[in-house]
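K.L.:
just need the structure, nothing else, for what follows:
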Amino acid sequence: MADRGAEMQRNFSGTMAVREQHRFEVARLQRYMEAHVDGFSGTLEVEQFKGGQSCPTYRLSAGGANYVLRRKPPGKLLPSAHAVEREYRVITALADTPVPVPRTHVLCEDEDIVGTAFYIMEWVEGRVFWDPTLPDLSKPERYRIYDAMGEVMADLHKVDYEAVGLGDFGRPGQYIQRQISRWTKQYKASETETIPEMDRLIEWLPATLTAEDETCLVHGDYRLDNMIFHPTEPRVLAVLDWELATLGHPLADFTYLLMGWRLGGDLFRGVGGQDIEALGIPSEADFVAAYCRRTGRAGIDDIDWYQAYNMFRLAAILQGIMGRALDGTAASEHAAEEGKRARPMAEAAWAQVEKIAQ
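P.N.:
Residues are numbered from 1 along each chain as shown. Now for the predicted structure:
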């Protein structure tokens, strides 16, 4: 696991030269930033982050300051995918809440600047953990990192989304039903091979869905490597990658994170199969109990169903990554490798269904 963690750190951490298909005219962006970013000065330099599978993300440096730019990828896009405009809106709205986010600078929907819509936010200095076993930390530190991750998710689900101006950020109610429909369509639109388990899930999930009666602001892709931690403290400084955020069901969001306890690093950068007690990582039961305590919930029923739903959803996302890898628009050079996980993820989802039936 340590070797794989080191490999992930090499593959996904840090920056690289901008990939050929993601290049743009730097001078044009510089002129735009001079006009629209307060305090901007100096000569602009651009690098691309290695991590991320969806939206190309860049580190911008000028005048001793650093910024981050996220843009839609070039080429033909799936409907409603890569919604950087929504991402900018939710990050901006959360600025004065307990949920830590980067400060935003500007949203640009003029495609003449870098070729697609983009936004610019502050650079947050800190740690990103790609290996969920946290091999470089002590046992007590690992526990506190996981606990901080759970605490921030609870804070997110308690945000008064209407008070921060996000009352129209999605449709209240029937979130999971709409997600199943959406990701079924997305999966079909980017299908490159027949995966029998996905076809079964597409039939089974809507037929077994129970009534939904809760709505909150959800992240949609909340996990350890989508946040920046303080350089030395077990404290979250910024939650990243909000492009799937909307108004949704808190348990759908929470159990997506919980997949990390069911799946191993080969599928989800999870800790499934690891001796988490020896590592100091909270058990699934303890992590669930802490979330319930923080959000005032008595408990969570049907966790296995939620796991099947989330693994199906992730399989559809992975299939989309594979589709972009094949047509050359993927944000990461490791996209094809990520996309190959669609089939085993669908198989893992169906295994949850079979667990319910036992």
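K.L.:
residues near V164, how many?
P.N.:
Neighbour count for V164, taken as other CB atoms under 10 Å: 18. Yep, even glycine has a C-beta here, placed from its N, CA and C like the rest.
K.L.:
wait, N226
P.N.:
A count of nearby residues for N226, using other CB under 10 Å, gives 19.
K.L.:
centroid-nearest residue for this protein?
P.N.:
With distances taken as CA atoms, centre = their mean, D221 lies nearest the centre of the chain, 3.1 Å away.
K.L.:
which SS class is it?
P.N.:
Judged by DSSP: H, G, I helix; E, B strand; the rest coil, the three-state class of D221 is coil.
K.L.:
now the residue nearest to it when sequence neighbours are not counted: how far from K72?
P.N.:
Distances taken as CB to CB, 6 or more residues apart in numbering place L244 nearest to D221, at 5.1 Å, with adjacent residues excluded. According to CB to CB, to the nearest Å, L244 stands 14 Å off from K72.
K.L.:
go on, R297?
P.N.:
For R297, the distance to K72 (CB to CB) stands at 36 Å.
K.L.:
in terms of neighbours, single out the busier of those two.
P.N.:
Each of R297 and K72 has its neighbours counted (other CB under 10 Å); K72 has more, 23 against 17.
K.L.:
contacting residues for that one?
P.N.:
Counting by CB atoms under 8 Å, 6 or more residues apart in numbering, K72 makes contact with C55, H82, V84, T116, A117, F118.
K.L.:
who wins for neighbours among these?
P.N.:
When neighbours are taken as other CB under 10 Å, the top entry among the contacts of K72 is F118 (27 neighbours).
K.L.:
now the phi/psi pair for that one, please.
P.N.:
When read as degrees, to the nearest 10, the backbone of F118 gives phi -150, psi 170.
K.L.:
find the residue closest to it in space, skipping its chain neighbours.
P.N.:
R71 (3.6 Å).
K.L.:
and the one you found, what's its pLDDT?
P.N.:
pLDDT, R71: 93.
K.L.:
report pLDDT for L78.
P.N.:
At L78, the model reports a pLDDT of 53.
K.L.:
try the one 4 residues further on
P.N.:
pLDDT recorded at H82 is 68.
K.L.:
need the mean per-residue confidence for the helix or strand where M121 lies.
P.N.:
M121 is part of strand 118-122 when elements are defined by DSSP states H and E. Strand 118-122 shows a mean pLDDT of 97 in the predicted model.
K.L.:
what does stretch 249-261 give?
P.N.:
Here stretch 249-261 scores 96 as its mean pLDDT.
K.L.:
with stretch 264-281 instead?
P.N.:
93.
K.L.:
could you do stretch 86-106 as well?
P.N.:
On average, stretch 86-106 scores 97.
K.L.:
can you check stretch 178-196 too?
P.N.:
91.
K.L.:
for the nearest residue to G42 once chain neighbours are set aside, list the residues it contacts.
P.N.:
Excluding the flanking residues, the one nearest G42 by CB to CB, 6+ apart is G63, at 2.7 Å. By CB under 8 Å, 6+ apart, the residues touching G63 are F40, S41, G42, T43.
K.L.:
over to T104?
P.N.:
By CB under 8 Å, 6+ apart, the contact list for T104 reads Y88, I91, T92, A95, Y119, I120, M121, E122.
K.L.:
I'd say the fourth one and P102 touch.
P.N.:
To tie it back to what came earlier, the one meant is A95. No. With contact defined as CB atoms under 8 Å, A95 does not count as touching P102 (9.2 Å).
K.L.:
of those two, give the one with the bigger neighbour count.
P.N.:
P102 (21 against 13).
K.L.:
any idea how far that one lies from A163?
P.N.:
Relative to A163, P102 is positioned 21 Å away (CB to CB).
K.L.:
cool, V46 as well?
P.N.:
Taking CB to CB as the measure, V46 falls 37 Å from A163.
K.L.:
which of the two has more neighbours?
P.N.:
Higher neighbour count among V46 and A163: V46, with 20 against 10, using other CB under 10 Å.
K.L.:
buried residues in the helix or strand hosting that one?
P.N.:
Element membership for V46, per DSSP H and E: strand 45-49. Within strand 45-49, the residues that qualify as buried are V46, Q48, F49, counting by 16 or more other CB atoms under 10 Å.
K.L.:
tell me the one of the residues you listed nearest E109?
P.N.:
Distance ranking of those against E109, using CB to CB, places V46 first at 19.9 Å.
K.L.:
that closest one: what's it in contact with?
P.N.:
V46 makes contacts with V18, V26, L29, Y58, R59, L60, S61, L69, as judged by CB under 8 Å, 6+ apart.
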